[in-house]
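> Generate coordinates for the sequence data below:
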Amino acid sequence: KEMDRILQDVLDGKCGAGIRRVACAHRLGVVPLAEASVLIAVASEHRPEGFDACRYIIDTLKARVPIWKKEIYADGETWKANKE
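So this is what the prediction gives:
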């Protein structure tokens, strides 16, 4: 729900005019090292607004959506929450 609100903010002009479509997905389950865990797509009339929208979406996602992840190390594992 919160991710939907973030995307709606962008469509409502938070990052400027000309944003036509936005999408965001966050992977669940095991994400192998070096693979993407978040996908963001933005269709815009102009590149600067599109890049601003991408930056806003990832920064706001990290700040407002509670993302829990389990990090696995050679000597153990730990659960972490985003701290942004």
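
> Scan this structure for its longest helix.
The residue-count maximum for a helix in the chain (DSSP state H) belongs to helix 47-64.

> Now do the same for Leu28: its pLDDT.
Looking at Leu28, its pLDDT is 84.

> Distance from the helix or strand bottoming out on mean pLDDT in the chain to the middle of the chain?
Of all the helices and strands that make up the chain, strand 68-73 has the lowest average by mean pLDDT, DSSP states H and E, namely a mean of 77. Offset of strand 68-73 from its chain centre (Cα atoms, centre = their mean, to the nearest Å): 18 Å.

> Report the next helix or strand after that strand in sequence order.
strand 76-81 (DSSP states H and E).

> Just the CA coordinates for the longest helix of the chain, please, in PDB.
What follows is helix 47-64, C-alpha atoms only, in PDB (Å, rounded to 0.1, in the frame of the first residue of the first chain):
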ATOM      1  CA  ARG A  47      14.900  12.400 -19.000                       C
ATOM      2  CA  PRO A  48      15.500  14.800 -16.000                       C
ATOM      3  CA  GLU A  49      12.000  14.300 -14.600                       C
ATOM      4  CA  GLY A  50      12.300  10.600 -15.200                       C
ATOM      5  CA  PHE A  51      15.600  10.300 -13.300                       C
ATOM      6  CA  ASP A  52      14.200  12.600 -10.500                       C
ATOM      7  CA  ALA A  53      11.200  10.300 -10.200                       C
ATOM      8  CA  CYS A  54      13.400   7.200 -10.000                       C
ATOM      9  CA  ARG A  55      15.600   8.800  -7.300                       C
ATOM     10  CA  TYR A  56      12.500   9.900  -5.400                       C
ATOM     11  CA  ILE A  57      10.900   6.500  -5.500                       C
ATOM     12  CA  ILE A  58      14.000   4.600  -4.200                       C
ATOM     13  CA  ASP A  59      14.800   7.200  -1.500                       C
ATOM     14  CA  THR A  60      11.200   7.300  -0.300                       C
ATOM     15  CA  LEU A  61      10.800   3.600  -0.500                       C
ATOM     16  CA  LYS A  62      13.800   3.100   1.800                       C
ATOM     17  CA  ALA A  63      12.600   5.800   4.200                       C
ATOM     18  CA  ARG A  64       8.900   4.900   4.400                       C
END
